[in-house]
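pasting the sequence and the predicted coordinates here, then a few questions.
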Amino acid sequence: MKSILTALLIVGCLSLSAQDQLSDEIINTWIKHTEMNHLILNHIQEENLKELNDSSSRNVGDQFAHIHNVRMMWLGKMKEAEGIDAEIDSKESQDKEYLLATLKASDKLVQKVLKDALDKSTKIGNLGPVRFMGYLISHESHTRGQIVLALKNSGHALPPNVGYGIWNW
């Protein structure tokens, strides 16, 4: 009986360790994704935030604002969101430093909410934490594509180290 209890204890500890590792991997995936947003924004000249893609009604700065605004649409009513601008407007979206600071604030908010949901096995809205993160990454990656295309079409293509750098996960 003692050996069975010991085995169960070991299996329980290993399962917890595997769960912690998976949770860490999920959070690290989110962090890496946000680094790609920063990489692009850091290599855009502020005057190019106004560039438009032919198929988009949003300029480059507004696209970055849209990323933040969608995050806040989901999380803005949470206590943890206090002090973070709930919506970046079209004037603020043309201020590169403000965009970067506000994006970083919502990066951290999403990271905290993901970690809490993973630790407590809760949902974010009606989505589990992994699906929620998948939704955000999918949405933001599409938006990044719109940004890259607008810059390219306006003659301000990102340098190759950035264009290829977003694939260095």
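The structure has been received and is ready for your questions.

before we move on, which element is the spatially most central residue of the chain in?
Geometric centre of the chain, nearest residue: Thr34, 4.6 Å, by C-alpha atoms, centre = their mean. Using DSSP states H and E, Thr34 sits in helix 2-42.

show me what that helix is packed up against.
With contacts taken as 3 or more C-beta pairs under 8 Å, 6 or more residues apart in numbering; DSSP states H and E, helix 2-42 sits against helix 60-75, helix 96-120, helix 129-153. (C-beta placed from N, C-alpha, C; glycine too.)

just put these in JSON lines and tack on mean pLDDT and mean neighbour count.
What follows is these, written out as JSON lines (pLDDT from 0 to 100; neighbours: other C-beta atoms under 10 Å):
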{"stretch": "helix 60-75", "mean pLDDT": "98", "mean neighbour count": "22"}
{"stretch": "helix 96-120", "mean pLDDT": "98", "mean neighbour count": "17"}
{"stretch": "helix 129-153", "mean pLDDT": "97", "mean neighbour count": "17"}
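
right, and the ones you listed - which one's nearest Asp89?
Closest to Asp89 of the helices and strands packed on helix 2-42, according to C-beta to C-beta: helix 60-75, at 7.5 Å.

other SSEs contacting the closest one?
Contacts defined by 3+ C-beta pairs under 8 Å, 6+ apart place helix 60-75 against helix 2-42, helix 96-120, helix 129-153.

nearest to Asn161, out of those?
Proximity to Asn161 (C-beta to C-beta) singles out helix 2-42 among the helices and strands packed on helix 60-75, at 9.2 Å.

quick one, that closest one and helix 129-153 angle?
Relative orientation of helix 2-42 versus helix 129-153 (axes from the mean of the first three to the mean of the last three C-alpha atoms, to 10 degrees): 20 degrees.

the closest residue to Asn42 other than its chain neighbours and Ile4, how far apart?
Of all residues not flanking Asn42 in the chain, Leu100 sits nearest, at 7.3 Å (C-beta to C-beta, 6 or more residues apart in numbering). Applying C-beta to C-beta, to the nearest Å, the value for Leu100 to Ile4 is 56 Å.

look up how far Glu46 lies from the closest residue to Lys32 other than its chain neighbours.
Distance criterion C-beta to C-beta, 6+ apart; nearest residue to Lys32, sequence neighbours excluded, is Trp169 at 5.5 Å. The gap separating Trp169 from Glu46 is 27 Å, by C-beta to C-beta.

many thanks, I have nothing further to ask.
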